[in-house]
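Participant: can't give you the sequence, but here's the structure:
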């Protein structure tokens, strides 16, 4: 009975693990496939950088030179981010491979957990049988 309960628990955890891996994979692939539409990349990252400015409450505390330096730094990084956004849909196949590897490792660990529980239950049953009444000992004493 304990064997069945332990393997049922392990298989339930395996089903939950598989469902979580599938759901996270689906969300990640969908996000990478639609990253351009989600960020509004059609307007360009450089246009978004030039529109950045400090909040009104923070502007008096930051020197104007620092704000200009940060804006120029961000505008210099704009081509890098545009290239990254254009390459994001190609990363979806890498996410698929990573998901399979992580799912396989987690599933293997869950199966090892089930085998370990099976071993512990078997040892527990043997120890319980050895400490119980021994009919052969009772016959030889009588």
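Facilitator: Great, that's in hand. Quick caveat: nothing in here was measured; it's all calculated off a predicted structure. Numbers count the residues shown, from 1 in each chain.
Participant: What is the helix or strand harbouring residue 78 packed up against?
Facilitator: Residue 78 is part of helix 64-87 when elements are defined by DSSP states H and E. With contacts taken as 3 or more C-beta pairs under 8 Å, 6 or more residues apart in numbering; DSSP states H and E, helix 64-87 sits against helix 35-39, helix 45-50. In short, each C-beta sits where N, CA and C put it, glycine included.
Participant: Which secondary structure element is home to residue 105?
Facilitator: helix 92-130.
Participant: chain center to that helix: distance?
Facilitator: In terms of C-alpha atoms, centre = their mean, to the nearest Å, the gap separating the centre of helix 92-130 from the centre of its chain is 18 Å.
Participant: Against which helices or strands is the host helix or strand of residue 31 packed?
Facilitator: Assigned by DSSP H and E, residue 31 falls within helix 2-33. Under the contact criterion of 3+ C-beta pairs under 8 Å, 6+ apart, helix 2-33 touches helix 92-130.
Participant: Go through the helix it packs on and flag the buried ones.
Facilitator: Within helix 92-130, the residues that count as buried by 16 or more other C-beta atoms under 10 Å are 92, 99, 103, 106, 110, 114, 117, 121.
Participant: wait, which of these is closest to residue 19?
Facilitator: For residue 19, the nearest member of those is residue 103. The distance, counting by C-beta to C-beta, is 10.7 Å.
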